[in-house]
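>>> Show me how the following folds:
(chains A, B, C and D)
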Number of protein chains: 4
Amino acid sequence: MEKISHVIVNPINSLNLLSQSEIDKFTHSDGELFALFRHCALAILNTDSEKDDAAQLIADYSDFDIRLIPQPRGLRLELFNAPPQSFVDGKMIRGIQEHLFSALRDIVYTDFKITSAQPQPSSSAQNTNTVFRILRNARTVNPGGPPKMVVCWGGHSIPREEYDYAKQVGYALGLRGLDIATGCGIGAMKGPMKGAAVGHAKQQIKDGRYIGISEPGIIASESPNAIVNELVIMPDIEKRLEAFVRLAHTIIVFPGGVGTVEEILYLLSILMDPDNNEAIPLVFAGPESCREYFMELDRFLGASLGEGVKHHYRIIVGEPNEVGRVVKEATGEVHARRSEAQQAYSFNWELQIPLNLQEPFIPTHERMAALDLRRDVPKHKLASNLRCAFSGLVAGNVKAFGIEQVRTRGPYRLSGDADLMSSTDRLLQILVRDGRMKLGEDASDYQPCYQLAD
Amino acid sequence: MEKISHVIVNPINSLNLLSQSEIDKFTHSDGELFALFRHCALAILNTDSEKDDAAQLIADYSDFDIRLIPQPRGLRLELFNAPPQSFVDGKMIRGIQEHLFSALRDIVYTDFKITSAQPQPSSSAQNTNTVFRILRNARTVNPGGPPKMVVCWGGHSIPREEYDYAKQVGYALGLRGLDIATGCGIGAMKGPMKGAAVGHAKQQIKDGRYIGISEPGIIASESPNAIVNELVIMPDIEKRLEAFVRLAHTIIVFPGGVGTVEEILYLLSILMDPDNNEAIPLVFAGPESCREYFMELDRFLGASLGEGVKHHYRIIVGEPNEVGRVVKEATGEVHARRSEAQQAYSFNWELQIPLNLQEPFIPTHERMAALDLRRDVPKHKLASNLRCAFSGLVAGNVKAFGIEQVRTRGPYRLSGDADLMSSTDRLLQILVRDGRMKLGEDASDYQPCYQLAD
Amino acid sequence: MEKISHVIVNPINSLNLLSQSEIDKFTHSDGELFALFRHCALAILNTDSEKDDAAQLIADYSDFDIRLIPQPRGLRLELFNAPPQSFVDGKMIRGIQEHLFSALRDIVYTDFKITSAQPQPSSSAQNTNTVFRILRNARTVNPGGPPKMVVCWGGHSIPREEYDYAKQVGYALGLRGLDIATGCGIGAMKGPMKGAAVGHAKQQIKDGRYIGISEPGIIASESPNAIVNELVIMPDIEKRLEAFVRLAHTIIVFPGGVGTVEEILYLLSILMDPDNNEAIPLVFAGPESCREYFMELDRFLGASLGEGVKHHYRIIVGEPNEVGRVVKEATGEVHARRSEAQQAYSFNWELQIPLNLQEPFIPTHERMAALDLRRDVPKHKLASNLRCAFSGLVAGNVKAFGIEQVRTRGPYRLSGDADLMSSTDRLLQILVRDGRMKLGEDASDYQPCYQLAD
Amino acid sequence: MEKISHVIVNPINSLNLLSQSEIDKFTHSDGELFALFRHCALAILNTDSEKDDAAQLIADYSDFDIRLIPQPRGLRLELFNAPPQSFVDGKMIRGIQEHLFSALRDIVYTDFKITSAQPQPSSSAQNTNTVFRILRNARTVNPGGPPKMVVCWGGHSIPREEYDYAKQVGYALGLRGLDIATGCGIGAMKGPMKGAAVGHAKQQIKDGRYIGISEPGIIASESPNAIVNELVIMPDIEKRLEAFVRLAHTIIVFPGGVGTVEEILYLLSILMDPDNNEAIPLVFAGPESCREYFMELDRFLGASLGEGVKHHYRIIVGEPNEVGRVVKEATGEVHARRSEAQQAYSFNWELQIPLNLQEPFIPTHERMAALDLRRDVPKHKLASNLRCAFSGLVAGNVKAFGIEQVRTRGPYRLSGDADLMSSTDRLLQILVRDGRMKLGEDASDYQPCYQLAD
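I've put the predicted structure just below:
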């Protein structure tokens, strides 16, 4: 395996100076912080990789190492045995170099300014404040321009056809001067950025923003693509989701797998919350080949959350230019509304995100059993509970923790309406059929891993 | 046919103010100048068109019109019945808007400052001076940075495979911080720019240059693509070629048709001139599928100009990244050499281009007969003569003027070595076979339209 | 006398590349062009000098020399025996360096593009076109921002009190975001710029403009001050005046000597022209100590040109901040008017300037006798004639040419109204008394050097 | 008294967005934080005031008020009854506007990120870290350019002659591309900035830095001058001094009063510390009229700290250009040394500043008696102790607290060498004689307020 055995990476202005105590703590800590940085750095250097097997990456580069060398104008990095694709003729690609220092910035900031100072348990407002402060420190929120941030979600491992479609949508967005934020890997996270870059070029826009938001648990399987010109590492998956939602002026969801469905339920739980009359425009978009996918999704959402849910999103199949037009118009309305109400453009403070959406859901039998999945639960609560149930059922089929739970303690017992669960089953079956959810090697079919409680 | 019936285009700072006498002359002239601008403007608005049928374009938009309206901050344009693809939601794409004003700038400048002042006939030095002054006025030559301009030639109507290859080469060049100049249409003229734009984005280069150089006779069939961020309209085909050669720090030739072969002979005539020891690095590059094409080209050049010609170029098949590496290295050597010799980076004054290469060749029987095509002619002369002969033979097969000449006066009579002509025939046959030269409707085969003089 | 014996000055980007033919013509000409440049360069290097004795300067630096060395990125200058005040620790002050290249730019441009191409005699429109083209080439007119150019006139050799006042006015202008153009020497030409620079600094304005407009005949006695960040060398005194008038959005005249009075008459001749309803706001301003000066000036203008002349200017004594307020307001009105009328902001094309104001007046007896100085001459004509007469009377007293004329041919004979001439006499006497006009060594009093014709 | 009764001040990009919790805490706190901001804001608006009577200012503007209004793009301020000199035609001067938001930034940051989180008592390293973090948050330390920061100290209430001299030195520094940091009031704190601004203008330097560092206790009597383009409010006088010392690449001390002498002793205590072999170049400079002042100072320092102290500074009388040359050279040496040693340019981490120099000295009899003022104390300690003694003696003569201490408890009792104290007396007498230390109204002479302990 080709590796860059040794290379020095010069400091970049975008990283502000670290204080001596920060450097000391970082380099002489028990190593946890540094290990986190090394992990993220390796993932970043693995840019544009088509593989999403994090374990393999870590194994392949077990001899990868990194050292920090203070310099008059900042901090120099020394790398050993780095993946070669971040280099051109032995010199690191500038975009990747900036990502490295962004990761360093976020990890240091999060640990020193936030984690160490924060009382536990944290309130919803505190969590939001943390999200804000990390983004502000990364200069991702700033009081600059008008609303034009389009958040794009969707699968990272998608067929060529869907990738091309995402690129066409990105092009239509870029031509309209809109910026892009995604989860920063490949697939639906790269396509819109790449398209937007061409659109921006044609409009002679030099300051187009391609924001990638990642977190340590996912970065290794979704290496930031090099179009990303602002990389932010949030401390966990929930803060990453909240960052997207508070930065977004419009959200587009491209087709994806079970993760994408969870994100949709997360988002709908927020949008349906009666406290949130401040809607974020939401568009589901995909190529012709995804028509059935969206029909099924639409049916599932209507069946489980009521027909009212359909006011919260719009489905566009094909017609990437039309997606651009609709999103531009919706973003313009957000602009008008927020300007009228004197609300910040760059961070949506008004949105209520309850504590349960800010915290991880761990699918033990107890937590699964405690979910209330009946139709008469308020819709936004039901969306949130469904998201947890959905997450648990996926885990029971494909994740080590969930499979083990089910093996030792039997199927999850859920309490709720039977038809609600059956429409969930149906959606999962379709995801499996379409290859959007990968079962273990010896399983060929999705098997429900739950029973309804009496 | 969809048209934008009426739109106002605001002035752009890159167009400097016109004086009153310039505006007057432009708008109240007998109309020739204005007709030229209208023609170029229509071609520019037809951006990204896949069609290269200029006559069709002109017919389709016979009702296209344009008006100039002076404004406090410059000049506003009013358009009627414009092609729709230059607009997004009714607003002109900024890149296209700049192209319009560039065309205006060059047409006004060329006519007012140069054509009207220049004595006839012009000397070689005067022609070069004209090329320089138009480029300087367009700010395309400026004393700014180090040598990094890569000129790319090749066909505009090429298969997907070759387009993708050109894009990959462009990407490899962009990653290395090199800029691109091409003839500014689609195909091999768009691919390298599009690839370089992505490469530049990854390197966070914001001032990448994508120079398109066109001329009125060709712009309608090769509409500038919107990636072009510096458009220059030279007054004729020979000055356009000279502009390329004097701006280039390295030249890449992708596969193309007969026009590309003519350009290669033009360039080799310059490079083989004993007065020019100041070589421009030259690379022929194409995907695997073009291996035979280059073999034939190489054979033709060797057979006609002697094996020594092969010192002047390098052929790379496949390996786009290797092309990037080689070109970067060659450009670095040009940098070193010109720095050492205290020569301008942005315009190659040293190169001798004789008058016959600066003037059009019209394939009458007299001029064809006058070409000396014998092996003992000095090689750079022979290359120049071959270019003319080649051009005449193509005309005799596919251009109205040439076909008519041959129909009324019989085959051209050429004086020269027989094997030299037969290797030319062979190349032409291959170009026809590969679809790189399109014969008339009723002809299925290339037919030599000449006889060797005794 | 301290001199910098040898120094190399590097090229500056603001000078665009010269073509080979331009460099050749410039360096190998019969030397006239080069001598002109050497003369201007010496004057520029003599920056901030308190002395205005051009002859002395030229004598002191008879060994000053300059050489041009072409470079990859432009043109390098080699200087010998240069005045030291343009250097700090052996390195040329950047502002001065830019002035040198500006002079080179203007001299080359004027000669190559204009003088050599222009038919003689020139029309009024051609002269205006020449002024425009030189300014455009210097990028002094450009389609950029809103009207905010304040032209300041007045003496360069003035008492401290008046200099401080000019600085205070400049400060008040700078605080209001206005730019300054002056004749670019010291005194009333430096004060407003220096004040404006501080005002701009407080307003955090980084792109404040300090335009100095000179011409070869005057530059040696009025070396550009180093605050000037745009220097333009016009070919003669009349084009310099026209440049001021066409760039100005408001004009302030500070107290000065006979030259200033001539400029006022020039300007009033334009403003009173019935063809020019497009007024330029005009303010006479000075410190308390100048109250009488302005009273006399006001009386002279009223007495000679009628009370109506007073509508064309406003006198403010003291109150520098009030001058700033009034000028800002007047400039705002110019903005509104020109925007409404769709007229260019950066160059006043509408103003009519007749040929006689564009050409030098040489005070021979014939031309003096031909001036019609009667009250019933149209006022704008009378202003123009008075300007010539005034210029002649000054020459007859203090300039070599005029003194010689009077010595050999007797007093000038003027035809006109007696009281008109006596108010002119009176003004001249006051200028002499106040030290604003310096008589020869052996003369202690102003002596009228004319007789009224019968 | 003229006041601006009501005005809205728009947000400025340099203030990053505040989080909701920051705004809440700031506006709804018990008012302490807000009162601090109101105090600083009033001082800032009082810009360029010649008066340094803080109490008078506060009394005059007892009705001054300020309100914060959150906005889509930041924070708007609403002011009531503000001093008029910060406004031009009713609009706030941009520089002042930035100062207001800088004060807000520093007060919020210091309170939220530092004071509330910091354990007490703090260590020396913690104090240094606090200084760094406030400066970093203000973007005053950043990894940008080479060392060129010249810190200027000296009196704010000085004669015209000394002010002009400081301006000339500033001009010489600006011409050499050096930046300025001062205490940000008038006098020796404004002169160097104003001079440097002109020097920078001549060198066409657009990003010259004029850093003003203040603290709440002093800002009202030393309102920031409007040339300051980076204002930092440190939380107390000791952190302000430390900020100067760690930012400085060279320090110039102009003549001043007792405060200036204290600062000199503070600085020498650091420079003479055997732990600090990393010297900061130090120049004492003043006009001819200050020759005696510096002679006396030099004598005092030699007499009290030994002749070795003279290696740490250089005295230049007159010759402002020579000061510029010397400082430029010294700064170049600092550059070389720090580059060689790989030390940060923008913050001097290496310098040891002991805790006693980081904490305020309150002149009670106990603390005065505890000072060891004998010759055999290590010199850097002695300098520090002398600084305290000096500060106490000044307080005993002119400050409310000190006078009261002496009135109720008798003269301070100092233990140390008699001649050391008598040379201190002598210096104080000269300061009084020269009007550099103002005694109370009924006292005409300096009276020593101490006795030597046996």
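
>>> Quick one: classify A:L18 as helix, strand or coil.
What DSSP: H, G, I helix; E, B strand; the rest coil gives for A:L18 is coil.

>>> how deep is it tucked in, by neighbour count?
Counted with other Cβ atoms under 10 Å in any protein chain shown, residues neighbouring A:L18 total 24. For every residue, glycine as well, the C-beta is placed using N, CA and C.

>>> show me what contacts it?
By Cβ atoms under 8 Å, 6 or more residues apart in numbering or on different chains, A:L18 lies in contact with A:26, A:75, A:108.

>>> Turn these into a markdown table, including secondary structure and pLDDT.
Shown next, in a markdown table, are these (DSSP: H, G, I helix; E, B strand; the rest coil; pLDDT from 0 to 100):
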| residue | secondary structure | pLDDT |
| --- | --- | --- |
| A:F26 | helix | 79 |
| A:L75 | strand | 79 |
| A:V108 | helix | 84 |
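
>>> what's the closest of those to chain C?
Proximity of these to chain C (Cβ to the nearest Cβ) peaks at A:L75, which lies at 30.4 Å.

>>> Convert the C-alpha atoms of the host helix or strand of A:V232 to CSV, please.
Following DSSP states H and E, one finds A:V232 within strand A:230-233. Only the C-alpha atoms of strand A:230-233 are listed here, as CSV (Å, rounded to 0.1, in the frame of the first residue of the first chain):
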residue,chain,number,x,y,z
GLU,A,230,-15.4,25.0,5.7
LEU,A,231,-15.1,21.8,7.7
VAL,A,232,-16.6,21.7,11.2
ILE,A,233,-16.3,18.7,13.5
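
>>> helices and strands around it, which ones?
Strand A:230-233 sits against helix A:94-109, strand A:210-214, with contacts defined as 3 or more Cβ pairs under 8 Å, 6 or more residues apart in numbering or on different chains; DSSP states H and E.

>>> Now do the contacts for A:V141.
A:132, A:135, A:247, A:346-347, D:17.

>>> hmm, try it at 7 Å
Listed by Cβ atoms under 7 Å, 6 or more residues apart in numbering or on different chains, the contact set of A:V141 reads A:132, A:135, A:346-347, D:17.

>>> Just name the closest of these to D:C152, please.
Within the contacts of A:V141, the smallest distance to D:C152 is 34.0 Å, found for D:L17 (Cβ to Cβ).

>>> Settle this for me: that closest one is touching A:R139, isn't it.
No. Contact criterion Cβ atoms under 7 Å: D:L17 and A:R139 do not qualify, at 10.4 Å.

>>> doesn't A:G257 make contact with A:L431?
Yes. Taking Cβ under 7 Å as the definition, A:L431 is a contact partner of A:G257 at 6.2 Å.

>>> joint contacts of those two?
Applying Cβ under 7 Å, 6+ apart, one finds that A:L431 and A:G257 are jointly contacted by A:M437.

>>> related to what we said a few turns ago, and D:L17 and A:R139? which has more neighbours close in?
Counted by other Cβ under 10 Å, D:L17 and A:R139 do not tie: D:L17 has more neighbours, with 25 against 14.

>>> The more buried one - nearest residue in space that isn't next to it in sequence?
Excluding its sequence neighbours, the residue lying closest to D:L17 (Cβ to Cβ, 6 or more residues apart in numbering or on different chains) is A:P143, at 5.4 Å.

>>> Spell out the secondary structure type for that neighbour.
coil.

>>> tell me the domain boundaries of chain A?
Listed by automatic domain parsing, the domain ranges of chain A are A:4-117, A:134-340, A:361-452.

>>> C:D207 is nearest to which of the ones you listed?
Closest approach to C:D207 among the domains of chain A (Cβ to Cβ): domain A:134-340, 19.1 Å.

>>> Report the rounded mean pLDDT for the closest one.
Averaging pLDDT along domain A:134-340 yields 93.

>>> I'd guessed A:E2 sits against A:P84; true?
Yes. A:E2 lies in contact with A:P84 (Cβ under 7 Å); the separation is 4.9 Å.

>>> between these two, who's got more neighbours?
Between A:E2 and A:P84, A:P84 has the larger neighbour count (other Cβ under 10 Å), namely 12 against 7.

>>> That one is in contact with A:S5, isn't it?
No. A:P84 sits out of contact with A:S5 when judged by Cβ under 7 Å, with a separation of 10.2 Å.

>>> hey, what's in contact with both of those two?
Counting by Cβ under 7 Å, 6+ apart, A:P84 and A:S5 have no common neighbour.

>>> For chain A, what lies in contact range of chain D?
For chain A, the contact set with chain D under Cβ under 7 Å from any Cβ of the partner chain comprises A:11, A:13, A:16-17, A:19-21, A:70-74, A:117, A:125, A:129, A:132-133, A:136, A:141-144, A:338-339, A:342-347, A:349.

>>> Just checking: what are the partner strands of the helix or strand that contains A:I252?
Using DSSP H and E, A:I252 sits in strand A:250-253. Sheet pairing for strand A:250-253, assigned by DSSP bridges, gives strand A:149-153 (parallel), strand A:282-286 (parallel).

>>> what would these look like in a markdown table with mean neighbour count?
Below are these laid out as a markdown table (neighbours: other Cβ atoms under 10 Å in any protein chain shown):
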| stretch | mean neighbour count |
| --- | --- |
| strand A:149-153 | 26 |
| strand A:282-286 | 25 |
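
>>> so which of the ones you listed gets nearest B:L282?
B:L282 sits nearest to strand A:149-153 of all the strands paired with strand A:250-253, at 43.1 Å, using Cβ to Cβ.

>>> what's around the residue of the stretch 251-400 of chain A found nearest chain B, how many residues?
Closest approach between the stretch 251-400 of chain A and chain B, counting by Cβ to the nearest Cβ: A:R325, at 6.3 Å. Using other Cβ under 10 Å, A:R325 has 16 other residues around it.

>>> Can you give me the distance of it to chain D?
25 Å (Cβ to the nearest Cβ, to the nearest Å).

>>> just to revisit the earlier point, of all the domains of chain A, which lies closest to D:S157?
The nearest among these, by Cβ to Cβ, is domain A:4-117 at 36.2 Å.

>>> Please name the nearest non-neighbouring residue to A:Q358.
A:N127 (4.6 Å).

>>> ok, the one you found to A:P363 distance?
Counting by Cβ to Cβ, to the nearest Å, the separation of A:N127 from A:P363 is 21 Å.

>>> now the end-to-end length of stretch A:430-438.
Distance across stretch A:430-438, first residue to last, is 12 Å (Cα to Cα, to the nearest Å).

>>> Other residues contacting that stretch?
With contacts defined as Cβ under 7 Å, 6+ apart, stretch A:430-438 is touched by A:155, A:256-258, A:293, A:296, A:398, A:428, A:439, A:446.

>>> please redo it, this time with the cut-off set to 8 Å
Stretch A:430-438 has contacts (Cβ under 8 Å, 6+ apart) with A:155, A:255-258, A:261, A:293, A:296, A:394, A:397-398, A:428, A:439, A:445-446.

>>> And the pLDDT for A:N16?
For A:N16, pLDDT reads 64.
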